[in-house]
Structures are given as C-alpha cells and as structure tokens.
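Chemist: Return a 3D structure for these sequence lines:
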Amino acid sequence: MNPQDPRLGELRELFLAAPESTQVQIMAWIAAGSLFVLVAWLVRRRSLTAEYTPIWMGLALGLVVASVDLTVLRALARTLGAWTLSSTVFFLGEVFLVAICLNYAVRISQTGLRVRKLAQETAILRGRLEELEARGRPDGSAQLPAG
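Modeler: Numbers count the residues shown, from 1 in each chain. Next comes the predicted model:
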C-alpha cells in the first residue's frame, strides 16, 4: 500500500475509534486501582519517601482517569500518530521509564561524587591525625587508630 493512500488514514481512524472490550477496561481499572493502593501502602509503611510519592500518585491517578474515560487516551494517540491505544500506552510507559532511569543516573552520579569527596576528606583527616600523633610521641613514631 502507498503511504499516501487516503484509505490508510481511514483505517487508522477506524482503529482509534474502535471501542475497547469490557474486559480490557476492567483490567485497566484493576491495574490502576492496584497501583494506587500499592503506592498508598508503601507511603504508609514509609518505604516510599515523600520525594517520590507525588510522581507515583500522579501516575496512578493518570491511569485511573485513562481507564475510566478513554477519550483522553484516544486524543493523545491521534496527536502522537499512533494506530492503537495499546501502542500509545506502551510508548508513554517507555517515556516514563526513561525519565526514571535518567533520574536515577543523575542521583548515582551525584552520590559517586559525594563518596569520592568524603574519601578525600577522610584521607586528609587521617594524615593530620597521624601528624598530630607523631608530634605528641617522644620517639616520633605514629600509631594508627584501630579500625
């Protein structure tokens, strides 16, 4: 088929306008509700910090809204040029995962820099301690602290 064929546009609109089965919508509600309950439970147990709670609650709320009313998802699929709602959901999931991975990469880099700085400061302090201990001993020998 020719990509410029007008029938392709009609076929795409047919895919996007097709109603989702009741089973799919029920599964979407269960998944969204489960994520919402899981995030609330993790916050209650203090396993999920307040820093990440708005992100995950926003995602859960977005899934609830998308599962209740698919018109938002259909409009987004049309905007993105997708043919099906499932491909739009998978694309949005991939974008979310890339953003999470980038966030963690930045945090790991910052932590690595902090660890290096702490190791350097510890080495400097240990050197100063050895110098002070050497000055305080009559024979001039230094003794390292235990540990």
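
Chemist: What residues does F15 make contact with?
Modeler: If you count contacts by Cβ atoms under 8 Å, 6 or more residues apart in numbering, F15 has them with 83-84. The way it works is simple: take the backbone N, C-alpha and C, and place the C-beta from them, glycine included.

Chemist: Return the set of buried residues in stretch 61-77.
Modeler: Neighbour counts over stretch 61-77 (16 or more other Cβ atoms under 10 Å) mark 62-64, 66-67, 70, 73-74, 76-77 as buried.

Chemist: So which of the residues you listed belong to helices?
Modeler: Among the buried residues of stretch 61-77, DSSP state H puts 62-64, 66-67, 73-74, 76-77 in helices.

Chemist: and L132, what element?
Modeler: helix 85-136 (DSSP states H and E).

Chemist: coming back round to it: now, which of the buried residues of stretch 61-77 sits nearest A134?
Modeler: Nearest to A134 among the buried residues of stretch 61-77: G62, at 63.6 Å, using Cβ to Cβ.

Chemist: Starting from R126, give me the distance back to that closest one.
Modeler: Distance of G62 to R126, given as Cβ to Cβ, to the nearest Å: 51 Å.

Chemist: Run through this protein and note the low-pLDDT ranges.
Modeler: Residues of the chain meeting the criterion pLDDT under 70: 1-5, 137-147.

Chemist: Spatially central, which residue of it would that be?
Modeler: With distances taken as Cα atoms, centre = their mean, I100 lies nearest the centre of the chain, 2.7 Å away.

Chemist: do you know how far it is from E94?
Modeler: 11 Å.

Chemist: same question, S47
Modeler: Distance from S47 to E94, by Cβ to Cβ: 25 Å.

Chemist: N103 too?
Modeler: 15 Å.

Chemist: Ok, P19 next?
Modeler: 26 Å.

Chemist: ok, now D69?
Modeler: For D69, the distance to E94 - Cβ to Cβ - is 23 Å.

Chemist: Between all of the buried residues of stretch 61-77, which two are separated the most?
Modeler: Going by Cβ to Cβ, the pair spanning the buried residues of stretch 61-77 furthest: V64 and A77, at 18.4 Å.

Chemist: List the contacts of stretch 71-78.
Modeler: When contacts are defined by Cβ under 8 Å, 6+ apart, stretch 71-78 is touched by residues 16-17, 65-66, 83-85, 87-89, 92.
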